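**Student:** The sequence and its predicted three-dimensional model are supplied below.
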Amino acid sequence: MLAELQRRHALRIANSKDFQYLQEDVAENLAERDKLLISLNQADWSKQRDSLQAKLKSRKELSGGDVESMPQPRQDNGLEEGEDSVANVLAAEKAKSTAKDIELTEAASVLGDEVELLLVQSVHASEQPSHD
């Protein structure tokens with residue numbers, strides 16, 4: 001059963017732009033984490049921010065403008081928790097609550113696949129003649 005669940009999962013994520021974006025983001029974050037130096041140059045930071053905004057704009061155009069439902073990378077404003085304005089915190093929470101949770105959706109799909117496979121198994125088991 002595990003092999004079939006993995007096969008179905010692989011098929012779903014292979015055709016999912018959202019998962020492709022997630023994999024790109026994870027790879028970029030891992031590469032950033034492995035860097036031993038961080039630039040303090042404002043021009044470098046601005047270049048990184050502009051690059052991220054261009055990537056998000058490109059994704060928005062490719063998705064037909066449905067950027068609100070796309071998972072968004074976390075934006076670091078340099079403030080510690082509790083230092084930002086209430087309005088900004090509420091806006092961030094609202095954006096997070098309306099964004100598509102692709103991991104949760106995939107987890108539900110895998111669970112649905114498992115239920116389906118268990119039902120098929122139980123039907124096949126009940127159709128087997130008893131040897132009494």
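**Tutor:** Everything's here; your move.
**Student:** switch to C-alpha atoms for all contacts and neighbour counts from now on
**Tutor:** Noted.
**Student:** shaky segments in the chain?
**Tutor:** 64-79, 130-132 (pLDDT under 70).
**Student:** neighbours around L37, how many?
**Tutor:** 8 (other Cα atoms under 10 Å).
**Student:** Give me the distance between it and Q20.
**Tutor:** Separation of L37 from Q20 (Cα to Cα, to the nearest Å) stands at 28 Å.
**Student:** Kindly report the same for A31.
**Tutor:** 17 Å.
**Student:** Check S85 too.
**Tutor:** To Q20, S85 is 34 Å away according to Cα to Cα.
**Student:** how about the helices in the protein?
**Tutor:** Using DSSP state H, the helices of the chain run over 2-14, 17-34, 42-62, 86-98, 102-127.
**Student:** Can you say which of those helices is nearest to E80?
**Tutor:** Across the helices of the chain, E80 has its closest neighbour in helix 86-98 (11.7 Å, Cα to Cα).
**Student:** Only the buried residues of that closest one, if you could.
**Tutor:** K96 (16 or more other Cα atoms under 10 Å).
**Student:** Which neighbouring elements make contact with that helix?
**Tutor:** Helices and strands touching helix 86-98, by 3 or more Cα pairs under 8 Å, 6 or more residues apart in numbering; DSSP states H and E: there are none.
**Student:** With just CA atoms, put it into PDB.
**Tutor:** Output of helix 86-98 as PDB, limited to C-alpha atoms (Å, rounded to 0.1, in the frame of the first residue of the first chain):
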ATOM      1  CA  VAL A  86      -1.100  45.700  15.000                       C
ATOM      2  CA  ALA A  87      -2.400  46.600  11.500                       C
ATOM      3  CA  ASN A  88       0.600  44.900   9.900                       C
ATOM      4  CA  VAL A  89       0.300  41.800  12.100                       C
ATOM      5  CA  LEU A  90      -3.400  41.500  11.300                       C
ATOM      6  CA  ALA A  91      -2.800  41.900   7.600                       C
ATOM      7  CA  ALA A  92      -0.100  39.300   7.700                       C
ATOM      8  CA  GLU A  93      -2.400  36.900   9.600                       C
ATOM      9  CA  LYS A  94      -5.200  37.500   7.100                       C
ATOM     10  CA  ALA A  95      -2.800  36.800   4.100                       C
ATOM     11  CA  LYS A  96      -1.600  33.700   5.800                       C
ATOM     12  CA  SER A  97      -5.100  32.400   6.500                       C
ATOM     13  CA  THR A  98      -6.300  32.900   2.900                       C
END
